[in-house]
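# got a sequence here, can you model it:
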Amino acid sequence: MPILMKHVVFAFLLFGGHYSVAQQSDPPCPLSSAVLIDGNAEEWPMTWVQDEDKIFSFNVCTDDKNLYVRMMTSDFYAKRKLAAFGLTLWIDPSGKKKKKLGLKFPAGGPEAEDRAAAIRQEGGPGNSAGERADYQKKMDRQLITGLEVLELIGLADEPITSARSGIMNGIKVAIDMDEAGAYIYEALIPFKSYRLSKAALTELSIGFETGKFVIPKAKVNSKSGATSAGDISPTQLSRMQGYQSLMGNPKLTYPTYAWTKVKFK
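This is a model prediction of the structure:
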């Protein structure tokens with residue numbers, strides 16, 4: 001199905017301190033009738049753009065009314081942080097990297113903790129490599145299946161929390177896992193949902209940023225000087241228990257992120 005787009009899209013990606021340039025030469029941009037926002041991105045009529053560290057693959061394009069985004073990652077730690085602590089899609093109409101407007105989905109937090117607890121109750125993996133691999137895939141899928149909680153950032157003083165099925169303003173977002181175990185993220189965002197007009201934009205920056213694990217501060221006994229984890233909240237404890245094999249790994253304590261830029265004029 002030939003679908004035309006009026007503008008040339010240039011994607012500039014910054015990841016982990018490295019700067020690389022990937023140019024999309026006038027790719028067709030899918031319209032709402034051609035793309036179903038369901039976490040299955042195979043119908044997108046373009047080639048994935050990938051950052052030089054091969055953490056994220058993505059495409060961003062527009063029609064006159066909507067912003068379309070797809071993102072894919074199979075990186076182990078990026079997936080863990082995304083599922084447990086959330087993923088924020090930043091939108092900067094200045095073409096820079098300001099984190100004022102955004103959409104957080106998955107939201108992480110209690111929703112992720114409930115799923116992790118349910119997985120633990122089902123029992124752990126078997127002893128063979130195959131059993132452990134199957135268990136890992138099962139866990140990866142369960143952590144993102146049927147997610148509902150999302151946050152709209154920048155439209156009010158505090159993020160607006162909503163159920164995905166009840167979201168207004170025409171925003172559609174979904175995440176799923178493919179057969180290879182990669183997470184696939186899709187979003188359709190009307191410009192008007194963030195009070196933007198495409199006609200007034202020169203360039204638009206889009207950022208992907210996972211959440212991170214915040215290490216709880218140890219409580220110090222004023223008499224003995226000893227420390228304890230007594231101030232760890234139930235929320236933090238649940239997250240730590242869900243990631244026992246990763247405790248102490250510094251890769252969980254900072255976000256994984258990337259920025260891409262779309263030029264219109």
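# remind me, longest helix of this protein?
In the chain, assigned by DSSP state H, the helix with the most residues is helix 129-142.
# other SSEs contacting it?
helix 110-121, strand 172-177 (3 or more CB pairs under 8 Å, 6 or more residues apart in numbering; DSSP states H and E). Where you see a C-beta, it was placed from the backbone N, CA and C, and this is true even at glycine.
# mean pLDDT lowest for which of the ones you listed?
Mean pLDDT values for the helices and strands packed on helix 129-142 show the minimum at helix 110-121, a mean of 76.
# by how many degrees do that helix and helix 129-142 diverge?
Put simply, helix 110-121 runs at 150 degrees to helix 129-142, going by axes from the mean of the first three to the mean of the last three CA atoms, to 10 degrees.
# can I get helix 110-121 in PDB, CA atoms only?
Only the C-alpha atoms of helix 110-121 are listed here, as PDB (Å, rounded to 0.1, in the frame of the first residue of the first chain):
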ATOM      1  CA  PRO A 110       3.000  -1.100  41.800                       C
ATOM      2  CA  GLU A 111       1.800  -2.500  38.500                       C
ATOM      3  CA  ALA A 112       5.200  -4.000  37.800                       C
ATOM      4  CA  GLU A 113       5.600  -5.200  41.400                       C
ATOM      5  CA  ASP A 114       2.300  -7.000  41.300                       C
ATOM      6  CA  ARG A 115       3.300  -8.900  38.200                       C
ATOM      7  CA  ALA A 116       6.700  -9.700  39.600                       C
ATOM      8  CA  ALA A 117       5.100 -11.100  42.700                       C
ATOM      9  CA  ALA A 118       2.700 -13.300  40.700                       C
ATOM     10  CA  ILE A 119       5.600 -14.700  38.700                       C
ATOM     11  CA  ARG A 120       7.500 -15.600  41.900                       C
ATOM     12  CA  GLN A 121       4.500 -17.400  43.300                       C
END
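# just the helices and strands packed on helix 129-142: most buried one?
Compared across those, strand 172-177 shows the largest average neighbour count, a mean of 20 (mean count of other CB atoms under 10 Å).
# contacting residues around the helix or strand just after that one?
Proceeding N to C from strand 172-177, the next assigned helix or strand is strand 183-190, under DSSP states H and E. With contacts defined as CB atoms under 8 Å, 6 or more residues apart in numbering, strand 183-190 is touched by 32, 35, 37-41, 65-74, 79, 82-83, 87, 89, 91, 103, 105, 140, 144, 169-178.
# partners of strand 183-190, with directions?
Here strand 183-190 is paired, per DSSP bridges, with strand 66-73 (antiparallel), strand 172-177 (antiparallel).
# check the residue most central in space within the chain and give its pLDDT.
Central residue of the chain (CA atoms, centre = their mean): residue 87, 3.2 Å from the mean position. Looking at residue 87, its pLDDT reads 96.
# could you check how far it is from residue 78?
9 Å (CB to CB, to the nearest Å).
# check residue 171 too.
Distance, residue 171 to residue 78, using CB to CB: 23 Å.
# and residue 131, by the same measure?
From residue 131 across to residue 78, the span is 24 Å (CB to CB).
# burial count for residue 138?
Number of residues near residue 138 (other CB atoms under 10 Å) recorded here: 13.
# how about the contacts made by it?
When contacts are counted by CB under 8 Å, 6+ apart, residue 138 touches residue 119.
# can we see that at 6 Å?
Listed by CB atoms under 6 Å, 6 or more residues apart in numbering, residue 138 has no contact partners.
# who touches both of residue 87 and residue 78?
Listed as contacting both residue 87 and residue 78 by CB under 6 Å, 6+ apart are residue 210.
# below-threshold pLDDT in this structure: ranges please.
1-28, 30-32, 216-248 (pLDDT under 70).
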